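Visitor: Just need the structure, nothing else, for what follows:
(chains A, B, C and D)
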Protein chains: 2
Amino acid sequence: MDTSLAKLAIDEIAERITDAVMEHRLPPGIKLVEEKLASAFGVSRTKIRQALTLLAQDGLVTLHPNKGAYVTRPTADEARDLFVTRRLVEPEIVRNVIKRACADDLAQLRAHLEKETEARRLGDRRRIIRLSGQFHMLMARLSGNSFIEKLMAELCPLTCLIIALFDEPQTPACPEDEHAMIVDAIAERDEERAIDLMLHHLHHIEQALHLDQQVESGIHWEALYG
Amino acid sequence: MDTSLAKLAIDEIAERITDAVMEHRLPPGIKLVEEKLASAFGVSRTKIRQALTLLAQDGLVTLHPNKGAYVTRPTADEARDLFVTRRLVEPEIVRNVIKRACADDLAQLRAHLEKETEARRLGDRRRIIRLSGQFHMLMARLSGNSFIEKLMAELCPLTCLIIALFDEPQTPACPEDEHAMIVDAIAERDEERAIDLMLHHLHHIEQALHLDQQVESGIHWEALYG
DNA sequence: TTCAAAAATATTGTATGCAATATTGTATTA
DNA sequence: TAATACAATATTGCATACAATATTTTTGAA
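Guide: Below is the predicted model:
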């Protein structure tokens, strides 16, 4: 798992685990044994422990005292709350990006869209999901409000988790080019349209999930001995 | 500093430090030496370290690598962003509280108001500031959205910090009974008025601060040798 | 005396070791 | 054989020790 030679800081460890969760390489519910991670990253458990507390703070990992750390398994209710929160915050992000975005910012957005296109071309579904999340994180960063940026840096990885839980693996990952349309509207400084597109985008993501079905509780143990 | 006998969990340590910051017993900019905290709380540095990473995640403490942990000293810009964020989020909180609040929830709010009144009667300015912050945290909790609750649990202590930095100590802590008026409007299910009161309340807090003055940079070292 | 170099001290960063707890495997008994 | 108690193993929680880095104090020369 560790590719670099330099010793990893706890933030970097947390980031790598976050990426792995976003790409569904670490599925919701899986146990994260400290020693395994420690040897995987080539550091001591102390650092892993600190990384896990960070991730737990972000809600990506849940700590059960004396039991261990598990990748969080959000409930359908939490998923709904998450989308409510995103629909509350992301219009403000769009407004601020339109207000502040310079040419370089737009270039960053376009560059990100290209990465998404490339991942789609390759059919790399895991990367598509992670990049889709990171698009919104980039938008939040460009909005210039550090609190909103930090909030989105929590909500986006969690959204990926929720997609992992509630989406059918067969479904084509994300609404195709909605991100591109949002960027276009931003480039044209069309606030109303950009916000509208963003809200529809979020609705599409949520509606593609099956939050009403009983997938949420995970494995149905009762049904196993039939 | 440690009053209980049982060993403190990391969260409890973080909470106590948070309270101390909210009450301005730990002023912005002060260094938090791990060993001092460790002996104060009767635990090892390991736990303190984890508590500090939590607090740093919340923005209440800033970690300078190899230098140490310092109580954050927010800038005026960050203060403005914070209030922007609160004005974005708290109307939603009010809406949800009105939608969901049962009799017991309202009783909790009233009980909190009494605590505030008591602190005001005693002239305990520190407690007033902390309780004022915790009023908004309670509202967020009653709103039933865990993400918004968590966000407010970060923003409120930071607001206390900002008040510590930018408010004149002489000023009477907070607008007198605006919290009570908000609770009244909520009890009457008057959404528009409640939101209006909340927004005005937030404006009052922000305008009581001197975010435009150059208080922010802390001590004016240049002016000391004149 | 003043400045800079160097020693001494303080503090952080990390790994390791041990105790506490949980989980798994085994044996014993009804 | 099935259930339960007990032992073995695995894992977490925590403190401590040591290395790396920063800060302060002391020393010595200009």
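Visitor: per the record, what domains does chain A have?
Guide: Annotated domains of chain A cover A:10-71, A:76-208 [automatic domain parsing].
Visitor: Adding distance to residue B:21 and mean neighbour count, write the ones you listed out as JSON lines.
Guide: For glycine as for every other residue, the C-beta is placed from the backbone atoms N, C-alpha and C. Shown next, in JSON lines, are the domains of chain A (distance: least, Cβ to Cβ, whole Å; neighbours: other Cβ atoms under 10 Å in any protein chain shown):
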{"stretch": "domain A:10-71", "distance to residue B:21": "17", "mean neighbour count": "18"}
{"stretch": "domain A:76-208", "distance to residue B:21": "17", "mean neighbour count": "18"}
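Visitor: Can I get those domains in a markdown table including mean pLDDT and distance to chain B?
Guide: Listed next are the domains of chain A as a markdown table, based on pLDDT from 0 to 100; distance: least, Cβ to the nearest Cβ, whole Å:
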| stretch | mean pLDDT | distance to chain B |
| --- | --- | --- |
| domain A:10-71 | 95 | 5 |
| domain A:76-208 | 93 | 4 |
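Visitor: Nearest to residue B:118, out of these?
Guide: domain A:76-208 (31.5 Å; Cβ to Cβ).
Visitor: Quick check, the residue in chain A closest to DNA strand C?
Guide: Residue of chain A nearest DNA strand C, by Cβ to the nearest atom of the strand: residue A:44 (3.1 Å).
Visitor: and the helix or strand hosting residue A:14, what does it pack onto?
Guide: Counting by DSSP states H and E, the element that carries residue A:14 is helix A:10-22. When contacts are defined as 3 or more Cβ pairs under 8 Å, 6 or more residues apart in numbering or on different chains; DSSP states H and E, helix A:10-22 packs onto helix A:34-41, helix A:45-57, helix A:125-143, helix A:146-166.
Visitor: The helix or strand just after that helix near DNA strand C anywhere?
Guide: Helices and strands here follow DSSP H and E; after helix A:10-22, the next one along the chain is strand A:31-32. No: with Cβ under 7 Å from any atom of the strand as the criterion, DNA strand C is not reached by strand A:31-32; the gap is at least 9.6 Å.
Visitor: what does chain A put close to DNA strand C?
Guide: Checking chain A against DNA strand C by Cβ under 7 Å from any atom of the strand, the hits are A:7, A:9, A:10, A:43, A:44, A:45, A:46, A:47, A:66, A:67.
Visitor: possible to save the helices and strands packed on helix A:10-22 as CSV with distance to residue B:96?
Guide: Listed next are the helices and strands packed on helix A:10-22 as CSV, based on distance: least, Cβ to Cβ, whole Å:
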stretch, distance to residue B:96
helix A:34-41, 38
helix A:45-57, 23
helix A:125-143, 23
helix A:146-166, 17
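Visitor: Let me know the closest of the residues of chain A next to DNA strand C to DNA strand D.
Guide: Once Cβ to the nearest atom of the strand is applied, the member of those that ends up nearest DNA strand D is residue A:66, at 4.8 Å.
Visitor: Would you check how far apart the spatially most central residue of chain A and residue B:52 are?
Guide: Of all residues in chain A, the one closest to the mean position by Cα atoms, centre = their mean is residue A:157, 2.3 Å from it. Counting by Cβ to Cβ, to the nearest Å, the separation of residue A:157 from residue B:52 is 23 Å.
Visitor: With residue A:122 instead?
Guide: Taking Cβ to Cβ, one finds residue A:122 at 42 Å from residue B:52.
Visitor: same thing with residue A:48?
Guide: 17 Å.
Visitor: Could you do residue A:70 as well?
Guide: Residue A:70 is 24 Å from residue B:52, by Cβ to Cβ.
Visitor: With residue A:30 instead?
Guide: 28 Å.
Visitor: do residue A:13 as well
Guide: Distance from residue A:13 to residue B:52, by Cβ to Cβ: 17 Å.
Visitor: again, but for residue A:155
Guide: 25 Å.
Visitor: next structured bit after the biggest helix by length in chain A?
Guide: If you go by DSSP state H, chain A has its longest helix at helix A:76-100. As assigned by DSSP H and E, the chain's next helix or strand after helix A:76-100 is helix A:103-122.
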